[in-house]
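> fold the following for me, if possible:
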Amino acid sequence: MRRRWISWLSGLLGVLAVAGQCHAQSVLGYHGSPDRSGDFIVPALTWERARSLHLDPGFHPNFAGHLYAQPLYWQPPGSASGVLVVATENDDVHAIDAKSGSEMWTRSLGRPVSLSTQPCGNIDPLGITGTPVIDEGTQAVYLDAMVGDAAGAHHRVFALSLKDGAPLPGWPVDVADALARGQRFNSHFQNQRGALAILDGRVYVPYGGHFGDCGDYRGWVLGIRLQDPRDIVSWSTRGRGGGIWAPGGVSSDGRSLFVATGNTLGVSTWSDGEAVFRLTPDLRHEERPRDFFAPADWRALDERDADLGGSNPLLLDVPSGDVPSGGGSQPLVLALGKDARAYLLDRNNLGGIGGSLASETVSRYPIRTAPAAYTADNSVFVAFQAQGAHCPTARGDNNLTVLQIPAGQPPSLATIWCGAFKGEGSPIVTTTDGHSNPIVWILGAEGDGRLHGYRGDTGEPLFAGGGPGDAMTGLRHFQTLLAAGGRLYVGADGRLYAFSF
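Okay, here's the model as predicted:
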């Protein structure tokens, strides 16, 4: 009788675990989690099954517009099917059935802004660029759209119902109007390409400038209360420039927000550029070394346009190594930038100017995409798109680099393997249970147009786009992918792709 009861209980726990995994399949924000780890659990996607991955020929939803933002995946409670939410540069938002590819609803938010009317930039037209974020409580998706009308260009933050795309009461928020009291936010010069985040009942929207660094722009973060969009908090860099423009945008550990800023312009003293900041949910910031980090050579980085903010802060919990078996980790931040260096920071004390725990040149070229992280063998591994400076095998197309941060103090960095492909996508990782069968996936965006998969422990290629017809078109640089509902989804200009196994 006891054995039968234990067997029944084990079966029930297994069902509950599977149910929890299914519910967790919703991809509510960029790279699947607030820490921007890009680590997705797909229980059936082992190393061996990755070799049989293939494009689903029956899934071919189409829409109008260029796509820079990562699609999101929403699985309503109690529903067996999911919804893909796609936001385009045409200022359109589409809800697409994740199984069939049929459109469920679409919402136009206005007219995008033509590049010919802008002082600089490289996106035409300019509409929705930053990845939106979904809030489960309000069952709404939040996003920033650049909207043009007779009065000019406006940044407006929208909240749309996931049910039918209808705007929620009180939204949208016109950013320049909301910050009119003594704060200079010029929508003409500000751009929004970093991913949004939600923490403590607010949606946070980061801003930077346009390609070309024209005009009086700043690095801004705007925090809008979900239940009362009139309740707004903000933070901005003191110096001109310092944009928050990396595709991963705002990172969060559930208590604080983390952003990375780019180069400042025309400053004589450090004015918040080339830095990683920890911000409280009310966006108040004191200039304490524990709450920011900037490289000691920040002025040289400014002059070279070598933004530390080329990549979002990646939040890591690395095994501490000096704790007896069973627990203990170091809360760290990894910053990667256009200076081709990696900086490891203490998440509880960022260190001020020059205060990193470790720093090393890890790339031959600037790093501009979002990294991904996974844990295995008592270490944390970080994958990013760039040609590694210390690849074990020298190849000109080693455009994927993986670092190992082993347990131990002080923390250290080492390049463990590199992968060969052509393109500028941002990687993700899949595992079967959070640790096993790690696979690093990356897109050949604006390169070979293929999806590539590598064993996370050795770098062995597992998948390279399949047959001749598997190259994708319209993959914008920095584009990433997501895993949900037993598939890998890729967003491109005018269409979505689904890979099944």
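> right, and the helix or strand after the lowest-mean-pLDDT helix or strand in the chain?
Each helix and strand of the chain was given a mean pLDDT (mean pLDDT, DSSP states H and E); the minimum falls on helix 2-23 at a mean of 38. Using DSSP states H and E, the helix or strand that follows helix 2-23 in sequence is strand 39-41.
> may I see the buried residues of the very next helix or strand once past that following strand?
Next along the chain after strand 39-41, taking DSSP H and E as the criterion, comes helix 47-50. Using 16 or more other CB atoms under 10 Å as the burial criterion, the residues of helix 47-50 that qualify are Trp47, Ala50. From N, CA and C alone the C-beta is placed, and that goes for glycine too.
> report the distance from helix 47-50 to the chain centre.
In terms of CA atoms, centre = their mean, to the nearest Å, the centre of helix 47-50 is set 25 Å apart from its chain centre.
> other SSEs contacting that helix?
strand 461-464 (3 or more CB pairs under 8 Å, 6 or more residues apart in numbering; DSSP states H and E).
> residues touching the closest residue to Trp74 other than its chain neighbours, list them.
Nearest residue to Trp74 in three dimensions, chain neighbours excluded: Val83, at 4.7 Å (CB to CB, 6 or more residues apart in numbering). By CB atoms under 8 Å, 6 or more residues apart in numbering, the contact list for Val83 reads Tyr73, Trp74, Gln75, Pro76, Ala95, Ile96, Asp97, Ala98, Met104, Leu162.
> need the worst-confidence member of the residues you listed.
On pLDDT alone, Pro76 ranks lowest of these, at 89.
> what about the helices in this structure?
Using DSSP state H, the helices found in the chain span residues 2-23, 47-50, 175-178, 298-304.
> so which bits of stretch 486-501 are buried?
Residues of stretch 486-501 classed as buried by neighbour count (16+ other CB under 10 Å): 486-499, 501.
> I meant stretch 301-309, not that one.
Leu301, Asp302, Ala306, Asp307, Leu308, Gly309.
> picking that back up, okay, among the contacts of Val83, which ones form the most distant pair?
Farthest pair in these (CB to CB) is Pro76 and Ile96. Separation: 14.4 Å.
> who's more crowded, those two?
Set side by side, Pro76 and Ile96 show more neighbours around Ile96, with 24 against 14, by other CB atoms under 10 Å.
> okay but His155 is in contact with Met146, surely?
Yes - here His155 reaches Met146: they are 6.0 Å apart, a contact under CB atoms under 8 Å.
> okay, and the common contacts of those two?
Ser187, Gln192.
> center of this protein, which residue is that?
The chain has Gly248 as the residue nearest its centroid, 3.0 Å off, counting by CA atoms, centre = their mean.
> which residue ranges of the stretch 401-501 of the chain form strands?
For the stretch 401-501 of the chain, the strands defined by DSSP state E, counting those that start in this stretch occupy 414-419, 428-431, 439-443, 451-455, 461-464, 481-484, 487-492, 495-500.
> which residues touch Leu316?
Shown in contact with Leu316 (CB under 8 Å, 6+ apart): Pro331, Leu332, Val333, Leu334, Ala373, Val380, Val382, Ile405.
> beta partners for the spatially closest residue to the last one that is not a sequence neighbour?
This means Ile405. Spatially, and ignoring its direct neighbours in sequence, Ile405 is nearest to Val380 (4.6 Å; CB to CB, 6+ apart). With DSSP bridges applied, Val380 shows beta-bridge pairing to Thr375, Ile405.
> wait, Val380 touches Val318, no?
Yes - Val380 lies in contact with Val318 (CB under 8 Å); the separation is 4.8 Å.
> so which of these two has more stuff around it?
Shown here are Val380 and Val318; by other CB under 10 Å, Val380 has more neighbours (25 against 22).
> how much space between that one and Phe258?
Using CB to CB, to the nearest Å, Val380 is found at 17 Å from Phe258.
> with Thr415 instead?
24 Å.
> more neighbours, these two?
A side-by-side neighbour count of Thr415 and Phe258, using other CB under 10 Å, places Phe258 first with 25 against 18.
> ok, Gly337 - contacts?
Counting by CB under 8 Å, 6+ apart, Gly337 has contacts Ala260, Glu274, Leu301, Ala306, Asp307, Leu308, Gly309, Gly310, Ser311, Tyr343, Pro366, Ile367.
> contact partners for the closest residue to it other than its chain neighbours?
Ranked by CB to CB, 6+ apart and with sequence neighbours excluded, the top spatial neighbour of Gly337 is Leu308, at 3.9 Å. Neighbouring residues of Leu308 by CB under 8 Å, 6+ apart: 260-262, 274-276, 294-295, 298, 301, 335, 337-339, 343.
> by neighbours, which of these wins?
Ala260 (34 neighbours).
> tell me what it is bridged to.
Val276.
> show the pLDDT at it.
pLDDT at Ala260 comes out at 98.
> hmm, Gly309 and it touching each other?
Yes - using CB under 8 Å, Ala260 and Gly309 qualify as a contacting pair, with a distance of 4.1 Å.
> where do the strands sit along the stretch 251-400 of the chain?
Under the criterion DSSP E, counting those that start in this stretch, strands of the stretch 251-400 of the chain are mapped to 251-252, 257-260, 276-279, 292-294, 314-319, 329-336, 341-346, 352-353, 358-361, 372-376, 379-385, 400-406.
> can you list the weak-confidence ranges in the stretch 201-350 of the chain?
Within the stretch 201-350 of the chain, the stretches with pLDDT under 70 are 321-327.
> what is Arg202 paired to in the beta sheet?
Arg202 has these beta-bridge partners by DSSP bridges: Leu199, Arg225.
> and it, what is it in contact with?
Gly223, Ile224, Arg225, Leu226, Val233, Pro281.
> equivalent analysis for Gln183, please.
Contacts of Gln183 (CB under 8 Å, 6+ apart): Ser234, Ser236.
> same check on Ala80?
Contacts of Ala80 were listed using CB under 8 Å, 6+ apart, and none were found.
> cool, the one 10 residues further on as well?
Neighbouring residues of Asn90 by CB under 8 Å, 6+ apart: Ala64, Gly65, His66, Ser108, Pro112, Pro125, Gly127.
> the residue nearest to it when sequence neighbours are not counted and Arg111, how far apart?
Spatial nearest neighbour of Asn90, excluding adjacent residues (CB to CB, 6+ apart): Gly65 at 3.4 Å. Distance, Gly65 to Arg111, by CB to CB: 12 Å.
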